[in-house]
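Engineer: got a predicted model here, sequence first, then my questions.
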Amino acid sequence: MNRMPERKRIRLSGYNYSYKGAYFITICVKDKHEMLGTIDVGAATGRPHLSDYGKIVDEEISALPIIYDFVDIDKYVIMPNHIHMIIVLDSDGRTQFAPTISRIVKQFKGSITKQIGFSPWQKSFHDHIIRSEDDYNRICKYIDKNPTLWTEDYYYPKNHQPTQRR
C-alpha cells in the first residue's frame, strides 16, 4: 500500500513557543502575489510603498502589542509579497494566557483576512528562534536592507520560479 508523504515539520520539536524570547517571523502572500505594496527598485530610500492591503497589515502589526500582553514588535518590514518581523515575548510561558507564536500569527492573519474579505496568505509561516545578540543584530540588518535588495530577494518573483510539472 502506498503511504501518503508526511508533511515536513517546520517548528522546533519540543520547544515551547510561548517562552520569553525573540522570534524572527516571515509570513508570505499566496503565490507570491505582490499585493502589499511596491518598491521602487534603485530608489535612494528603498522603502516599500504600501498598498491599501499593506496599510491594513501595518495597522495590525502595530496592534499586536495592544492585543497581547507580553508581546512587542521590535522591527518589521512589509515587502510586496511577504512580511518579516521580530516578535518579542516577555512571558515565561507558564500562565494559561501566555500567547504562543502560532496563536499570535494565526490571529494576525485572521484579522487581516476578515478586514479584506479573503485570505491572501500562504499556509503557515517561517520562524527562527533568535538565540544570541549577534543573531538578533544580523536579523535586524537583514530586515533593514531587505527593501534595498528586493531584486536579489528569494521572494522576488523573477528569482524563484515554480517548478514546471511534466
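Structural biologist: Arrived safely. Remember, it's a predicted structure, so these values are computed and weren't measured experimentally. Residues are numbered from 1 along each chain as shown.

Engineer: where's residue 74, which helix or strand?
Structural biologist: Assigned by DSSP states H and E, residue 74 belongs to strand 71-78.

Engineer: next one: that strand to chain centre, how far?
Structural biologist: Relative to its chain's centre, strand 71-78 lies at 9 Å (C-alpha atoms, centre = their mean, to the nearest Å).

Engineer: can you list the buried residues in stretch 50-62?
Structural biologist: For stretch 50-62, the neighbour count (16 or more other C-beta atoms under 10 Å) marks 50, 51, 53, 54, 56, 57, 58, 60, 61 as buried. C-betas here are computed from N, CA, C, even on glycine.

Engineer: show me what contacts the last one?
Structural biologist: So the one you mean is residue 61. Taking C-beta atoms under 8 Å, 6 or more residues apart in numbering, we find residue 61 in contact with 73, 76, 78, 83, 85, 108.

Engineer: and the gap between it and residue 85?
Structural biologist: 6 Å (C-beta to C-beta, to the nearest Å).

Engineer: what are the contacting residues of the strand holding residue 74?
Structural biologist: By C-beta under 8 Å, 6+ apart, the residues outside strand 71-78 that reach it are 22, 36-37, 48, 50, 54, 57-58, 61-62, 64-65, 83-90, 99, 104, 140, 143-144, 146-147.

Engineer: got the confidence number for residue 33?
Structural biologist: Residue 33 carries a pLDDT value of 94.

Engineer: isn't it right next to residue 120, touching?
Structural biologist: Yes: here residue 33 reaches residue 120: they are 7.1 Å apart, a contact under C-beta atoms under 8 Å.

Engineer: mean confidence score for the strand holding residue 74?
Structural biologist: The predicted model assigns strand 71-78 a mean pLDDT of 96.
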